[in-house]
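Engineer: Okay, predicted coordinates and the sequence, questions at the end:
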Amino acid sequence: MRLRSTAIGLTAVMLLGASAHAAALPTVTIKSCYDGGTCTTTMGEKVRLACIDTPELQGKSARPAPAMAAKYHLNGMLMSQKVGIRRITTDRYGRTVAELFINGANVQQAMVASGHAEIFWRHASQCPWTR
């Protein structure tokens, strides 16, 4: 039980640190999320959530049920919400790769904590919370 309470305490400290950082970020409003890792803003910017991997909706490695669950979870958190954005880069599809923050909390961390996403270790160095 001590390990669990320590983990909860560390998460709270990490979120408080993210909260202070998130307050200084520019904001966008999310129109909708296509899947568990890609959203569109009301201004038409396509945003790929950095450092996480979610189940695929289509293709040979598709897992439709968990993919839809991740999509609905992300839409539930973000649709029509103003969020902080930390733009990192642009991917090969022209999407902005970024970290998103809602009410000071890191959206990617919330997706991992909920079980709808995993850390994408190949690109994890882009996000300080993965260390």
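Structural biologist: That came through fine.
Engineer: Each with direction, which strands does the longest strand seen in the chain pair with?
Structural biologist: The longest strand of the chain (DSSP state E) is strand 82-90. Partners of strand 82-90 in the sheet, by DSSP bridges, are strand 27-33 (antiparallel), strand 96-102 (antiparallel).
Engineer: Any chance of those strands in TSV with mean pLDDT as columns?
Structural biologist: Output for the strands paired with strand 82-90, formatted as TSV (pLDDT from 0 to 100):
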stretch	mean pLDDT
strand 27-33	98
strand 96-102	98
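Engineer: Out of those, which is closest to Trp129?
Structural biologist: Nearest to Trp129, of all the strands paired with strand 82-90, is strand 96-102, at 8.4 Å by Cβ to Cβ. To be clear about C-beta, it is placed using only N, CA and C from the backbone, and glycine gets the same treatment.
Engineer: can you pull the buried residues of the longest strand of the chain?
Structural biologist: Residues Val83, Gly84, Ile85, Arg86, Ile88 are the ones in strand 82-90 that count as buried (16 or more other Cβ atoms under 10 Å).
Engineer: check contacts around the residue nearest the centre of the chain.
Structural biologist: Geometric centre of the chain, nearest residue: Gln108, 2.8 Å, by Cα atoms, centre = their mean. Counting by Cβ atoms under 8 Å, 6 or more residues apart in numbering, Gln108 touches Leu49, Ala50, Cys51, Ile52, Glu99, Leu100, Ala117, Cys127, Trp129.
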